[in-house]
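In: Would you be able to build a 3D model of this:
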Amino acid sequence: MKLRSLLKLLPALAASIAWLGATQAWATDPFPSKPVKILVGFSPGGSNDVVARLIAPKLAEGLGAQVVVDNRPGAGGNIAASAMLAAPTDGHTLLMCTTGTLSIQPHVLKSMPFDPEKDIVPVTQVTNAPYMLMVNATLPVKSVKELVAYAKQKPGEINFASSGTATGGHLAGEMLKTRAGIDIVHVAYKGTGQAMTDLLAGQVSMIFDQPVSSMQYARSGKLRALAVASARRLTAFPDIPTVMEAGVPDFEPVTWAGICAARNTPPAIVERIQREVAKVLAMPEIAKRLAADGLEPVGSTPEQFRAFLVADKRKWGRVVKDADVKAE
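Out: Residues are numbered from 1 along each chain as shown. Got it, this is the predicted structure:
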């Protein structure tokens with residue numbers, strides 16, 4: 001090749017080398033490259049919101065990027081899940097996934113806006129969380145037995161709040177309704193925060209909620225904690241009996257919260273997020289705070305979380321069938 005022809009090719013060759021260099025830099029761009037967003041499908045003040053905001057600052061330190069909690073309440077968490085699935089699948093938009101969204105609603109709704117098994121990638125289970133049965137302090141009952149007797153005297157007059165239709169709190173109320181043989185009315189809200197506002201005001205009578213977002217009101221005397229919905233009493237609240245101690249059989253609607261990503265999120269990014277969340281949950285100050293709120297930190301691997309979800313969905317399917325829960 002003549003020197004003149006070679007010189008003509010040099011600009012194009014230089015451009016190609018620059019393009020390849022830029023492409024390689026893009027391909028190896030470290031995660032995260034911008035703020036990470038955790039979408040919470042319920043209003044501020046609820047248990048999932050509280051847990052997300054508890055781990056976010058420490059997670060930000062581990063990732064080396066800002067972590068923002070973004071509340072997208074409504075449709076039992078499906079609005080937040082749909083928003084995550086509409087975002088780029090680069091790990092920068094995550095979901096605080098819950099029992100209601102992934103384990104219960106597939107059994108209740110005729111059609112989901114997404115496929116929980118195909119579209120959602122389990123990253124890590126964050127907590128296990130038993131429910132606490134709370135009533136407005138003005139309700140003239142001090143135990144589950146008294147509540148059941150009172151409800152039988154006033155069929156259809158006692159209502160219970162939840163953070164949304166087909167959420168764990170809703171199912172727990174339906175379980176009590178069927179297994180105790182009482183007629184109580186469900187009132188669905190867009191999040192625990194709104195439900196708690198009406199419960200404190202006496203607009204609704206009771207709620208199954210996680211201690212993290214409701215025990216402060218019991219301690220102040222505005223609510224009364226009647227029982228915990230687990231197999232055994234919580235270490236943080238040893239004086240509060242279980243629902244089963246009151247004679248309601250097989251009553252253990254324990255729920256969970258986790259971090260999920262969208263389908264096609266690179267496995268390396270999923271594993272990185274899982275490792276960092278697990279590190280946060282293992283921190284003594286975080287574990288102590290969760291335990292004080294009646295929550296058990298988990299931090300499972302993506303594979304462990306996926307296996308857990310399969311079993312959990314099956315469990316709640318039986319509860320939905322027994323309670324004959326329908327979408328509202």
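
In: Do me a favour and get the end-to-end distance for stretch 149-158?
Out: Start-to-end span of stretch 149-158 (CA to CA, to the nearest Å) is 12 Å.

In: Let's see stretch 60-70 as CSV, backbone CA atoms only.
Out: C-alpha atoms of stretch 60-70 as CSV (Å, rounded to 0.1, in the frame of the first residue of the first chain):
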residue,chain,number,x,y,z
ALA,A,60,-25.1,3.8,50.5
GLU,A,61,-21.7,3.6,52.4
GLY,A,62,-21.2,0.1,51.1
LEU,A,63,-22.1,0.8,47.5
GLY,A,64,-20.3,4.2,47.4
ALA,A,65,-23.3,5.9,46.0
GLN,A,66,-26.4,7.7,47.3
VAL,A,67,-29.4,5.4,48.1
VAL,A,68,-32.8,7.0,47.9
VAL,A,69,-36.1,5.6,49.2
ASP,A,70,-39.0,6.5,46.9
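
In: Okay, buried residues for it please.
Out: A60, G62, L63, A65, V67, V69 (16 or more other CB atoms under 10 Å). Backbone N, C-alpha and C define where each C-beta goes, glycine included.

In: Which pair in the residues you listed has the greatest spatial separation?
Out: Within these, G62 and V69 form the most distant pair, 15.8 Å apart (CB to CB).

In: In helices, which of the buried residues of stretch 60-70 fall?
Out: Among the buried residues of stretch 60-70, the members found in helices (DSSP state H) are A60, G62, L63.

In: Please identify the one among the residues you listed that lies nearest to L200.
Out: The closest of those, once distances to L200 are taken by CB to CB, is A60, at 32.3 Å.

In: Setting aside sequence neighbours, what's the nearest residue to that closest one?
Out: V67 (4.1 Å; CB to CB, 6 or more residues apart in numbering).

In: Can you list phi and psi of R263 for me?
Out: phi -50, psi 140 (degrees, to the nearest 10).

In: which residues touch it?
Out: R263 sits next to L85, T89, K118, D119, I120, V121 when contact means CB atoms under 8 Å, 6 or more residues apart in numbering.

In: Quick check: the last one is in a strand.
Out: Yes. With the criterion set as DSSP: H, G, I helix; E, B strand; the rest coil, the secondary structure at V121 is a strand.

In: And for the nearest residue to it once chain neighbours are set aside, the neighbour number?
Out: Among residues not flanking V121 along the chain, A261 sits closest, at 4.4 Å (CB to CB, 6+ apart). Number of residues near A261 (other CB atoms under 10 Å) recorded here: 26.

In: ok, A261 touching C97?
Out: No. When contacts are counted by CB atoms under 8 Å, A261 is not listed as touching C97 (9.4 Å).

In: mind listing the strands for the stretch 151-300 of the chain?
Out: Here the stretch 151-300 of the chain has its strands, by DSSP state E, counting those that start in this stretch, at 158-162, 184-188, 206-209, 223-229, 255-262, 296-297.

In: Mind putting these into JSON lines with mean pLDDT and distance to N48?
Out: JSON lines is the format used below for these (pLDDT from 0 to 100; distance: least, CB to CB, whole Å):
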{"stretch": "strand 158-162", "mean pLDDT": "96", "distance to N48": "13"}
{"stretch": "strand 184-188", "mean pLDDT": "95", "distance to N48": "16"}
{"stretch": "strand 206-209", "mean pLDDT": "96", "distance to N48": "11"}
{"stretch": "strand 223-229", "mean pLDDT": "96", "distance to N48": "17"}
{"stretch": "strand 255-262", "mean pLDDT": "96", "distance to N48": "5"}
{"stretch": "strand 296-297", "mean pLDDT": "92", "distance to N48": "14"}
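
In: Since that was my last question, I'll sign off now.
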